[in-house]
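**Q** fold the following and give me the result.
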Amino acid sequence: MQFAHETLGQRVRFATGGAAEAVAEEIASLGATRVMLIAGASEAAVAQRITAGLPVVETFDEVVRHVPVAVAERARATASNGRVDALVCVGGGSSTGLAKAVALSTSLPIVAVPTTYAGSEATDIWGLTEGGSKTTGADRWVLPRSVVYDAELTLSLPLDLSVASGLNAMAHCVDSLWAPRADAINAAMATEGIRALSAALAQIVQNPSDLAGREQALYGAYLSAVAFASAGSGLHHKICHVLGGLYDLPHAPTHAVILPHVLALNAPHAPAAADRLAQAFGSTTALEGLQDLRRRIGAPTALRDFGLTEEQIPAAVEALSAVVPPSNPAPVTPAALQELLHNAWSGHQPAETSRQRHREADLVRRVVASFDQTPDPRLKELMQQVVRHTHAFLRAVRLTEAEWQKGIDFLTAVGHITDDRRQEFILLSDTLGVSMQTITINHEAYENATEATVFGPFFVEDSPRIPLGGNIAADAPGQPCWVAGTVRDTNGQPVPNARIEVWQADDDGLYDVQYDDGRTAARAHLFSDAEGEFCFWAVTPTPYPIPHDGPVGAMLTATGRSPMRASHLHFMVTAEGLRTLVTHIFVRGDELLGSDSVFGVRDSLVQDFVTHPADHPTPDGREMSGQDWTEVHFGIVLAPG
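**A** Coordinates of the predicted model:
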């Protein structure tokens, strides 16, 4: 067993019937003399009773769910104006969340007095909402120094909110079992939290004034929050944060509705966690145990009851697709998210996974496990992710055997046609956007550095060297083009002696590797001078089709896509200590800029190619012999290595 577990430092007091005394002691231990009370209007009376003996100099009651940035800024200003040295928050997750927002920028200590089972008081996680987007983070300064649990304060919590809030806490437990930092310690706390919450919620529904049940619920909520803070945010919480930020859905009911849907999605792919959950619920399966509890306590079932409309689901799917945790046990596609959210919106409850789906999931687990002993950790990760996502695709589209055979035949044909002169596999990668996505991932934007784009299948080593002002075209047909620029680093300093590889298609749309006679043309390399400047002659780029007489071309035809590439000139620039740049420049005004077949166009790489008549003087005095020519200037900026 190998893992690292971090425990948050916090003082927790269970003080049923004694909140006022406990809070006073905690404030005294902080040495605070100017306290700000944060509590919503509905909690005003109980908050004033608890803090009656404290040195409260400011009271802030503008408590709004999901903590809008504007509200947080007003609360911070109030604390600053009052020269506050401690915060006391009384209420649910929104009150605690607002106190955290103040502490985030002021580092003021918090004493939290929860009146729900939200659990925010036991985490170092903050959240702020602005413009329909919820931002979350973790910071040690927002963790309350002390938490005072008094079960009597939860007696006034309406039964429906008690149920929703308890299920919100249970969601922390479930999500922590497959969150990014899940480990044996937070799994043990989550399991005990589920056991305590299951028993407590059943007691509360049967007798809302039962203090023992309320105490158990607070105990379970605390364990759930500690487990969640340690393990991190899983898929369930990502979904609820997006829905809350986009549509201002109520926090606890949203968690209560979403919980069974995420459990149904993940349980077949995480059998150990599912078995642990089933044991905690005292049931045969995890989903069966949860759904039985939900039926007994009257849990909410449909997000449409809380304001979500069916028309809002696609935007939520789009937002969620960008934040799905890579560690989620089940592959999560946009289609899966669409189905999950639609079911949660309508109230359609997930059923136990069928025997067929169990068989499919079991095969995925066995294939993934076959790579467990791979010595190279990166290779292990790559192979296991390939398996997961490939099988997810097969299962999502329900691939037929005939379609599988066509796929095998297609890849075989790609292999047969690939050789040193024709890289059909690169064409396939290019036309599926895989090449461009790989470049995007590995070449993050850096300040003002020139953007990278696809390498393409036509680069070859050992191009001829030309001097500055030389001609890469050789005898390649096309309109002459003067290319000039300067290579600089991101500080604006010139980069001398940078190696600049350039290659391009000729006016007929062919690269020299496609010539039958083996000659070299429209390809060369040169070096920048002492001031980082470079210049050379080439041919004016023109549109051309990628090779489309093979299987990739057949794929494009079958899908109604064009093989045409926008006009461009290839560059590869290398210099010591700087990041190698592979890029193009494109011709402004080319009608194919928006439909480049390999998705290589970036706006910053589109340049002005100025056409000159034959009698216009050239930069190096070259005679054009009656031929028009073009000129382009391209400044290259290299990122640090």
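**Q** please count neighbours and contacts with C-alpha atoms only from this point.
**A** Fine.
**Q** neighbours of the nearest residue in space to residue 421 that is not next to it in sequence, how many?
**A** Using C-alpha to C-alpha, 6 or more residues apart in numbering and skipping residues adjacent in sequence, the residue nearest residue 421 is residue 513, 5.8 Å away. The local packing of residue 513 (other C-alpha atoms under 10 Å) involves 18 other residues.
**Q** now do the longest helix along the chain: everything it contacts.
**A** If you go by DSSP state H, the chain has its longest helix at helix 184-206. The contact list for helix 184-206, computed with C-alpha atoms under 8 Å, 6 or more residues apart in numbering, reads 5, 159, 162-163, 166, 169-170, 172-174, 176-177, 210, 213-217, 219-224, 226-228, 230-231, 276-277, 280-281, 293, 296-297.
**Q** buried ones among those residues?
**A** Listed as buried from the contacts of helix 184-206 are 159, 162-163, 166, 169-170, 172-174, 176-177, 210, 213-217, 219-224, 226-228, 230-231, 276-277, 280-281, 293, 297; burial here means 16 or more other C-alpha atoms under 10 Å.
**Q** shaky segments in this protein?
**A** The chain contains residues with pLDDT under 70 at 1-3, 352-355.
**Q** residue contacts, residue 533?
**A** With C-alpha under 8 Å, 6+ apart, residue 533 has these contacts: 484, 485, 486, 487, 494, 496.
**Q** redo the residues you listed as TSV? Include secondary structure and neighbour count.
**A** Converted to TSV, those look like this (DSSP: H, G, I helix; E, B strand; the rest coil; neighbours: other C-alpha atoms under 10 Å):
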residue	secondary structure	neighbour count
484	strand	18
485	strand	16
486	strand	20
487	strand	26
494	strand	20
496	coil	19
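**Q** what's the closest of those residues to residue 403?
**A** residue 487 (49.7 Å; C-alpha to C-alpha).
**Q** that older thread, out of the contacts of helix 184-206, which are inside helices?
**A** Using DSSP H, the contacts of helix 184-206 in helices are 159, 162-163, 166, 169-170, 172-174, 176, 213-217, 219-224, 226-228, 230-231, 276-277, 280-281, 293, 296-297.
**Q** quick one: contacts for residue 51?
**A** Counting by C-alpha under 8 Å, 6+ apart, residue 51 has contacts 20, 23, 24.
**Q** switch the cut-off to 7 Å
**A** Shown in contact with residue 51 (C-alpha atoms under 7 Å, 6 or more residues apart in numbering): residue 20.
**Q** helices along the stretch 51-200 of the chain, start to end?
**A** For the stretch 51-200 of the chain, the helices defined by DSSP state H, counting those that start in this stretch cover 69-81, 93-106, 159-176, 184-206.
**Q** closest to residue 579 out of the ones you listed?
**A** Among the helices of the stretch 51-200 of the chain, helix 93-106 sits nearest to residue 579 (C-alpha to C-alpha), with 36.8 Å.
**Q** list the contacts for the residue positioned nearest the centre of the chain?
**A** Centroid-nearest residue in the chain, with C-alpha atoms, centre = their mean: residue 323, separated by 3.2 Å. Going by C-alpha under 7 Å, 6+ apart, residue 323 touches residue 238.
**Q** distance check, it against residue 393.
**A** 19 Å (C-alpha to C-alpha, to the nearest Å).
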